[in-house]
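**Student:** Task: produce atomic coordinates for the following.
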Amino acid sequence: MDRIECMRAFVATVGANGFAAAARAMDVPRSKVSKQIQALEEAIGVQLLQRTTRSLHLTEAGAEYYEAAREVIASVDEAEQRARNGIGELRGVLRVNAPMSFGLRRLGPLIPLFHEQHPNIELQLVLSDQQVDPVRGGFDVTIRIASLPDSSLVARLLAPAPRIMVASPAYLERAGTPQSPKDLSAHQCLNYGYLQSGVSLQLSNGNETQRVHVTGPLHANNGDLLAQAAEAGMGIALLPGFIVEEALAAGRLVAVLCEWQAPPITINAVYSSARRVPQKTRAFIEFLVTELAQERS
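**Tutor:** Numbering: from 1, shown residues only. This next block holds a predicted model:
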């Protein structure tokens, strides 16, 4: 048994979420991938995958082994690349997950620039507003815009993501302009998420903090959709500046309660806590740090 090739089949299967997809990516028969993983399980004496007729899932041991196997495969690939090309151009597949709005508004314009710098890296970008586990999802990097909980993952700060309370001029003319956070309880608010009973907002002005329960006609998990609803006059929304900056500049939206700030959130690159992060992953993260800093300057 070629242990490295079996590990490669295992990593590819988890990343592709299936034997068939992994086999296509590796250009080998599906039966070979299945046999390689079975041989790997027999060799180490634990079950790595739970298989059903429609899906497969990592066991607890499999999740831990997967993270280590990815590190091994990345190290082998990097060593082979260095042996072939010295410290030449980076190459290989880089899988990235990012929120929809950030992906379209910020990553989209940057991808061609990254490609110019690293033409031999194949970038696989998956946009989703769901919270994704990079390890279980098979991603090298996941972009998250939030205050991050403690975890075994590594988070690299890319940029701050200040949020702004906005509404359309038509809405403010109709409903009035809030003068303090407590006034928001009497307004229609457009909220991020799926909560149907409203949400609690916390806003501070440096000397005072107010928490207010707000409700409204729309809950959604995408900032662009909420911004469109705000422009249409449906209510007030608290959104990252990069989503509403164009509408504010054009006057389609107006900032309200400008002296009050929500708790800070940041844009982060989240990745496995592997001891040796592949060069292509480091290169992509450093690229984002540099480019996003230039946008703020």
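
**Student:** shaky segments in the stretch 151-297 of the chain?
**Tutor:** For the stretch 151-297 of the chain, the stretches with pLDDT under 70 are 151-152, 194-198, 273-276, 296-297.

**Student:** And the helices in it?
**Tutor:** Counting by DSSP state H, counting those that start in this stretch, the stretch 151-297 of the chain has these helices, from start to end: 169-175, 223-231, 241-250, 279-296.

**Student:** Looking at the ones you listed, which one is packed in the most?
**Tutor:** helix 223-231 (a mean of 21; mean count of other Cβ atoms under 10 Å). Every residue, glycine included, has its C-beta placed from N, CA and C.

**Student:** So which elements touch it?
**Tutor:** helix 100-102, strand 163-167, strand 188-192, strand 209-220, strand 236-240, helix 241-250 (3 or more Cβ pairs under 8 Å, 6 or more residues apart in numbering; DSSP states H and E).

**Student:** sorry, back to before: how about the helices of the stretch 151-297 of the chain, which one is nearest F10?
**Tutor:** Among these, helix 279-296 comes nearest to F10, with 19.6 Å by Cβ to Cβ.

**Student:** elements contacting that closest one?
**Tutor:** Counting contacts by 3+ Cβ pairs under 8 Å, 6+ apart, helix 279-296 is packed against strand 92-98, helix 108-117, strand 121-127, strand 141-146, strand 154-160, strand 266-271.

**Student:** a markdown table for the ones you listed, including mean neighbour count?
**Tutor:** Shown next, in a markdown table, are the helices and strands packed on helix 279-296 (neighbours: other Cβ atoms under 10 Å):
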| stretch | mean neighbour count |
| --- | --- |
| strand 92-98 | 20 |
| helix 108-117 | 12 |
| strand 121-127 | 15 |
| strand 141-146 | 21 |
| strand 154-160 | 16 |
| strand 266-271 | 21 |
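
**Student:** Distance to L172 added to those, as TSV?
**Tutor:** Shown next, in TSV, are the helices and strands packed on helix 279-296 (distance: least, Cβ to Cβ, whole Å):
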stretch	distance to L172
strand 92-98	33
helix 108-117	31
strand 121-127	32
strand 141-146	27
strand 154-160	27
strand 266-271	29
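
**Student:** before we move on, back to that, and the helices of the stretch 151-297 of the chain: which comes nearest A23?
**Tutor:** For those, proximity to A23 was assessed by Cβ to Cβ; helix 279-296 is nearest, at 23.8 Å.

**Student:** Can you give me every residue that contacts the closest residue to L56 other than its chain neighbours?
**Tutor:** In space, and not counting its chain neighbours, L56 is closest to L49: 5.0 Å by Cβ to Cβ, 6 or more residues apart in numbering. L49 makes contacts with 10, 13-14, 37, 41, 56-59, 62, as judged by Cβ atoms under 8 Å, 6 or more residues apart in numbering.

**Student:** and if we set it to 10 Å?
**Tutor:** 10, 13-14, 19, 34, 37-38, 40-41, 56-59, 62, 66 (Cβ atoms under 10 Å, 6 or more residues apart in numbering).

**Student:** ok, now V126?
**Tutor:** By Cβ under 10 Å, 6+ apart, the residues touching V126 are 95-98, 103, 132, 137-139, 142.

**Student:** for stretch 201-218, which positions count as buried?
**Tutor:** 201, 203, 212, 214-216 (16 or more other Cβ atoms under 10 Å).

**Student:** Closest to L172 out of these?
**Tutor:** Closest to L172 out of these is G216 (14.8 Å), distances taken as Cβ to Cβ.

**Student:** Show me what the residue lying closest to that closest one once chain neighbours are set aside is bridged to.
**Tutor:** Of all residues not flanking G216 in the chain, C189 sits nearest, at 3.9 Å (Cβ to Cβ, 6+ apart). Beta-bridge pairing of C189 under DSSP bridges involves I236.

**Student:** Quick check: the gap between Q179 and L153.
**Tutor:** For Q179, the distance to L153 (Cβ to Cβ, to the nearest Å) stands at 41 Å.

**Student:** Now do the longest helix belonging to the chain: which elements does it pack against?
**Tutor:** Longest helix of the chain, by residue count under DSSP state H: helix 60-85. Helix 60-85 sits against helix 3-16, helix 30-44, strand 49-51, strand 56-58, strand 92-98, helix 134-137, helix 279-296, with contacts defined as 3 or more Cβ pairs under 10 Å, 6 or more residues apart in numbering; DSSP states H and E.

**Student:** now the angle from it to helix 279-296?
**Tutor:** Taking axes from the mean of the first three to the mean of the last three Cα atoms, to 10 degrees, one finds helix 60-85 and helix 279-296 inclined to each other by 90 degrees.
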